[in-house]
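Colleague: Dropping the sequence and predicted coords here.
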Amino acid sequence: MPLFSIGVNTWVWVSPLTDHDLARLAPRIAGWGFDVIELPVEQPGDWNPDKAATVLAEHGLAASVVLVMPPGRELVAASPQTVRDTQDYLRHCVDAAATVGSPVIGGPAYTSVGRTWRLSPDERRAAYAELRENLRPVLDHAAERGIKLAVEPLNRYETSLINTVEQALEALPEDCHLALDTYHMNIEEKDPAQAARAAAGRIAHVQVCGTDRGTPGADRFDWPGFTRALHDAGYDGPLVIESFTAHNQTIATAASIWRPLAQSQDALAVDGLAYLRTL
């Protein structure tokens, strides 16, 4: 089985990402042996895509770009202006990805993280139809730029709309891809490996972390079985470590990070990389 490239999200250390942070982190991340650096777009303008492309080229790093859905970014059950603003933001993410050479933008491109409400079966079908309609302009823009949109199911505490691969496949247009995250899959999927196989041909991005959102490999997740399933599903993109620092108040609260998840943030990244290389 071919080896996966390995990446790390800058959220392990900072939020929001800035040009200064990226210039500081990129040489360290490259020096540790990572292949990919993941760049979150919390707000357009936090970091400059042209400058980022230069920094990544200097250090031989590929890029992945992730979108962020705070309160106020909605594609379902929202005002027309909110939907338009969210579509504009997602198109910005697509343009940033094209500039830094990321083949994908990934994340929960449907509603804000933490927004939950009860849905009857008919209401859910209607919400999925609305989502498909409101994703269409973004998907068309992404296709024009050669970028894939990968929509991420989240766990039940962070959304009530798309929690599983099965729901994502029902909700999304056929030209929309999936982003899988082992943290959420460990909560929601009865068999994460089987869920990955069910998404064969649709997976465009994969984020990984331990079951406690810490170091991958320092947990009970079936990593060999899951990565075999990714291979069987035809996925050949990177495995990107996504975790968070407890020192940033906003993101620590949003992600419920109340304590350190490793001896240090550097150790989380380096030890995770070492384990993932064994797969």
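Modeller: Perfect, thanks for sending it. Note that this is a predicted model, so its numbers are computed, not measured.

Colleague: ok, the closest residue to Arg118 other than its chain neighbours - contacts?
Modeller: Spatial nearest neighbour of Arg118, excluding adjacent residues (CB to CB, 6 or more residues apart in numbering): Ser160 at 7.1 Å. The way it works is simple: take the backbone N, C-alpha and C, and place the C-beta from them, glycine included. With contacts defined as CB atoms under 8 Å, 6 or more residues apart in numbering, Ser160 is in contact with 115-119.

Colleague: Present the residues you listed as CSV; the columns should include pLDDT and secondary structure.
Modeller: Converted to CSV, the contacts of Ser160 look like this (pLDDT from 0 to 100; DSSP: H, G, I helix; E, B strand; the rest coil):
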residue, pLDDT, secondary structure
Arg115, 96, strand
Thr116, 97, coil
Trp117, 97, coil
Arg118, 97, coil
Leu119, 97, coil
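
Colleague: low-scoring stretches of the protein, by residue?
Modeller: Across the chain, the ranges flagged by pLDDT under 70 are 1-2, 248-250.

Colleague: residue with max distance from the center of it?
Modeller: The centre of the chain is farthest from one residue, Asp122, which by CA atoms, centre = their mean lies 28.6 Å away.

Colleague: Is that one part of a helix or strand, or is it coil?
Modeller: Three-state call for Asp122 (DSSP: H, G, I helix; E, B strand; the rest coil): helix.

Colleague: Check Ala195 too.
Modeller: Per three-state DSSP, Ala195 ends up helix.

Colleague: Surely it touches Val165?
Modeller: Yes - counting by CB atoms under 8 Å, Ala195 does reach Val165; the two are 4.2 Å apart.

Colleague: And Trp117, how far from Pro80?
Modeller: 19 Å (CB to CB, to the nearest Å).

Colleague: between the two, which one's more packed in?
Modeller: Trp117 (11 against 8; other CB atoms under 10 Å).

Colleague: That one: what's it in contact with?
Modeller: Neighbours of Trp117 in contact, by CB under 8 Å, 6+ apart: 77, 160.

Colleague: what separates it from Asn163, distance-wise?
Modeller: For Trp117, the distance to Asn163 - CB to CB - is 13 Å.

Colleague: Please tell me how far the residue lying closest to Gly107 once chain neighbours are set aside sits from Ile105.
Modeller: The shortest distance from Gly107 to any non-neighbouring residue, by CB to CB, 6+ apart, is to Leu67 (3.8 Å). Distance of Leu67 to Ile105, computed by CB to CB: 5 Å.

Colleague: Need the overlap of contacts for the two.
Modeller: Residues within reach of Leu67 and of Ile105 at once, by CB under 8 Å, 6+ apart, are 90, 93.

Colleague: Name the residue in those two with the higher neighbour count.
Modeller: Per other CB under 10 Å, whichever of Leu67 and Ile105 has more neighbours is Ile105, with 32 against 27.

Colleague: OK, contacts around that one?
Modeller: Per CB under 8 Å, 6+ apart, neighbours of Ile105: 65-67, 90, 93-94, 97, 142, 147-150.

Colleague: Adding distance to Pro49 and secondary structure as columns, could you present the residues you listed in TSV?
Modeller: Below are those laid out as TSV (distance: CB to CB, whole Å; DSSP: H, G, I helix; E, B strand; the rest coil):
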residue	distance to Pro49	secondary structure
Val65	9	strand
Val66	14	strand
Leu67	14	strand
Leu90	15	helix
Cys93	10	helix
Val94	11	helix
Ala97	8	helix
Ala142	15	helix
Ile147	13	coil
Lys148	17	strand
Leu149	17	strand
Ala150	19	strand
